[in-house]
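Participant: Need a 3D model of the sequence below.
(chains A and B)
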Number of protein chains: 2
Amino acid sequence: MYYVFFVGTAGSGKTTMVKEFQDYLLDQEMDASIVNMDPAVESLPYVPDFDVRDYIDSRDVMQRFGLGPNSSLIVSIDLLLTKATEIKSDLGNIESNYVLVDTPGQIELFAYRDSGRTFSSLLVGDNKSVNVFLMDSFLAKESRSYVSLLLLSSSVRFRLGTPQVNVLSKTDLLSKEELERVTSWGEGENLLDSLGTIDDYSFELVRTLMESLEVPPLPVSSQTRQGFDELYALIQRILAGGEDFETEENNSRL
Amino acid sequence: MYYVFFVGTAGSGKTTMVKEFQDYLLDQEMDASIVNMDPAVESLPYVPDFDVRDYIDSRDVMQRFGLGPNSSLIVSIDLLLTKATEIKSDLGNIESNYVLVDTPGQIELFAYRDSGRTFSSLLVGDNKSVNVFLMDSFLAKESRSYVSLLLLSSSVRFRLGTPQVNVLSKTDLLSKEELERVTSWGEGENLLDSLGTIDDYSFELVRTLMESLEVPPLPVSSQTRQGFDELYALIQRILAGGEDFETEENNSRL
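Facilitator: Numbers count the residues shown, from 1 in each chain, chains lettered A, B, ... in the order given. Modelled structure (predicted):
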């Protein structure tokens, strides 16, 4: 059983992609389940096989603890962890090859907090997992936001310690020229030029970021399924233990 | 007139710090106003001199557009920009030396979106500004979160192009040992060791991050005012145009 987490900022297209990617896998005659990990989502375009909303009501948390929407989500995930035994047993009912996990847009759960990682580990257990990090094309078409999103992706990758694939989501919203420009950045071209004047600090950081991109962000669209074949192949390669994607390695040099 | 923005993840202590820092400045017989930039905040411990809630009701936005809490905040800030003329005129009534700006916890506004930067520019106009980036001690005491928060800080700094000071907020919540450990990381000691095994990618990124830290994150507490004198001095140095903090420079080497 393989877990594929879809992670990204609010509005980056996670939920739609999870639904379309499930349909894509089913069309290829592979079985795929969906886990909804967002306790605050109102409606979903798919029927989840496991839904955290069955265990926690984030509106109730909001009222009971007098919290704002953001804090209530953080607390909800923490509360979920107290139901670990029950959740683990219910998860045992899922039997498909692929489990696609739709995550909350409050990406701080995965980038700066323990609870996202703890809950993910609870889900994954001894199975293999991979993260698909969605870079919202609508934001990423601006070069500084492109870099910011790569930094965020690094944060998540670093925090979770799980192999990660970057995708440029919602590319159907870009013009041909915009898509070509953004794609060229991922291949190490023109990005530094298009940033305009930047300070030394940012210069070094961007260079390190770009040098360490193993694979350029993959353009995908849930509307046209552009990039789905390539994404599936990348995920396969990672789950099969492809040597390009080792993590948790060599610190021995330090 | 100088603008000081307090930016950080939800729960990092921005609102409390804005209040305490205003009191601190007033105690030193300096005049300081407060701008509340969070359209979704319920109650505030201070009386803002300018409040975005007078222009926009994010609950109303939520209902009117059928949005979730996170998206409604993003839309609210966008809607604020349509009232730029009115806001600019009202801002003219603020006359203090320092304007402290309390920002929303949805830090994506500043890290990945245009609207945070656009609205900040509207506020600041031709005045000088500096960002105080709050690294929540409660999160930062874990070494991987410490690095994630530094990455987020870089993102914000990079996105806004404004001089930035990192502070470790809420240090009163740390034990003496924890505080010493976290402080030593900022001085370039022991951080890589405490990260455990990391991959090449992360190794390079952390090294670049640490090498480019001009000043270690400053420990502060709004409870005890620890670090407030140092923070004030740092802000002064930046606003006076101290040469260590140039941004928007040399890209000419590229």
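Participant: Which secondary structure element is home to the closest residue to residue A:129 other than its chain neighbours?
Facilitator: Closest residue to residue A:129 apart from its sequence neighbours, by C-beta to C-beta, 6 or more residues apart in numbering or on different chains: residue A:3 at 3.8 Å. The way it works is simple: take the backbone N, C-alpha and C, and place the C-beta from them, glycine included. Taking DSSP states H and E as the definition, residue A:3 sits inside strand A:2-8.
Participant: what pLDDT, on average, does stretch A:161-179 get?
Facilitator: The average pLDDT within stretch A:161-179 is 95.
Participant: Give the buried residues for that stretch.
Facilitator: A:161-171, A:174, A:179 (16 or more other C-beta atoms under 10 Å in any protein chain shown).
Participant: What is the end-to-end distance of that stretch?
Facilitator: End-to-end distance for stretch A:161-179, by C-alpha to C-alpha, to the nearest Å: 30 Å.
Participant: so how far is it from its chain's centroid?
Facilitator: Here the centre of stretch A:161-179 is set off from its chain's centre by 12 Å, with C-alpha atoms, centre = their mean, to the nearest Å.
Participant: Make TSV out of the buried residues of stretch A:161-179 and add distance to residue B:118.
Facilitator: Shown next, in TSV, are those (distance: C-beta to C-beta, whole Å):
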residue	distance to residue B:118
A:161	36
A:162	35
A:163	36
A:164	31
A:165	31
A:166	26
A:167	27
A:168	23
A:169	23
A:170	22
A:171	25
A:174	21
A:179	25
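Participant: so can I have CSV of these showing distance to chain B?
Facilitator: Below are those laid out as CSV (distance: C-beta to the nearest C-beta, whole Å):
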residue, distance to chain B
A:161, 8
A:162, 11
A:163, 10
A:164, 10
A:165, 13
A:166, 12
A:167, 16
A:168, 14
A:169, 13
A:170, 14
A:171, 17
A:174, 16
A:179, 19
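Participant: ok, those vs residue B:225, which is closest?
Facilitator: Distances from residue B:225 to the buried residues of stretch A:161-179, taken as C-beta to C-beta, are shortest for residue A:161 (37.6 Å).
Participant: what's the spacing between the longest helix along chain A and its chain's center?
Facilitator: Secondary structure assigned by DSSP state H gives helix A:143-160 as the longest helix of chain A. Centroid separation for helix A:143-160 versus its chain: 11 Å, with C-alpha atoms, centre = their mean.
Participant: Which elements pack onto the next helix or strand after it?
Facilitator: Reading on from helix A:143-160 to the C-terminus, the next helix or strand found by DSSP H and E is strand A:164-169. Other helices and strands packing on strand A:164-169, by 3 or more C-beta pairs under 8 Å, 6 or more residues apart in numbering or on different chains; DSSP states H and E, are strand A:128-136, helix A:137-140, helix A:143-160, helix A:176-186, strand A:218-219, helix A:228-239.
Participant: Surely residue A:202 touches residue B:158?
Facilitator: Yes: with contacts counted by C-beta atoms under 8 Å, residue A:202 reaches residue B:158, the gap being 5.0 Å.
Participant: Name the nearest residue to residue A:158, sequence neighbours excluded.
Facilitator: residue B:202 (5.0 Å).
Participant: tell me which element that neighbour is part of?
Facilitator: helix B:200-211.
Participant: Let me see the mean pLDDT of that helix.
Facilitator: 84.
Participant: in it, what counts as buried?
Facilitator: Applying 16+ other C-beta under 10 Å to helix B:200-211 flags B:201, B:202, B:203, B:204, B:205, B:206, B:208, B:209, B:210 as buried.
Participant: Ok, stretch A:55-64 next?
Facilitator: Buried residues in stretch A:55-64 (16+ other C-beta under 10 Å): A:55, A:56, A:57, A:58, A:61, A:62.
Participant: Just the pLDDT for the fourth one.
Facilitator: Listed pLDDT for residue A:58 reads 82.
Participant: Could you do the first one as well?
Facilitator: Listed pLDDT for residue A:55 reads 93.
Participant: do the same with the last one
Facilitator: Residue A:62 carries a pLDDT score of 81 in this model.
Participant: How many residues are close by the closest residue to residue A:96 other than its chain neighbours?
Facilitator: With C-beta to C-beta, 6+ apart as the criterion, residue A:96 has its nearest non-adjacent residue at 3.9 Å, and that residue is residue A:31. A total of 12 residues lie near residue A:31 under the criterion other C-beta atoms under 10 Å in any protein chain shown.
Participant: shared neighbours, residue A:202 and residue B:158?
Facilitator: Residues touching both residue A:202 and residue B:158 (C-beta atoms under 8 Å, 6 or more residues apart in numbering or on different chains) are residue A:147.
Participant: which ones are touching residue A:217?
Facilitator: Counting by C-beta under 8 Å, 6+ apart, the residues that residue A:217 touches are A:135, A:140, A:150, A:166, A:167, A:168, A:186.
Participant: Am I right that residue A:19 is in a helix?
Facilitator: Yes: counting by DSSP: H, G, I helix; E, B strand; the rest coil, residue A:19 is found in a helix.
Participant: in chain A, which segments are predicted with low confidence?
Facilitator: A:68-69, A:242-254 (pLDDT under 70).
Participant: Against residue A:27, how distant is the residue lying farthest from the centre of it?
Facilitator: Distance to the chain centre peaks in chain A at residue A:197, reaching 30.7 Å (criterion: C-alpha atoms, centre = their mean). Applying C-beta to C-beta, to the nearest Å, the value for residue A:197 to residue A:27 is 48 Å.
Participant: quick revisit: I figured the residue nearest to residue A:129 was touching residue A:102, is that so?
Facilitator: No: using C-beta under 8 Å, residue A:3 is not in contact with residue A:102, being 11.9 Å away.
Participant: Neighbour count for those two, which is higher?
Facilitator: Neighbour totals were compared for residue A:3 and residue A:102, and residue A:102 leads with 25 against 21 (other C-beta under 10 Å).
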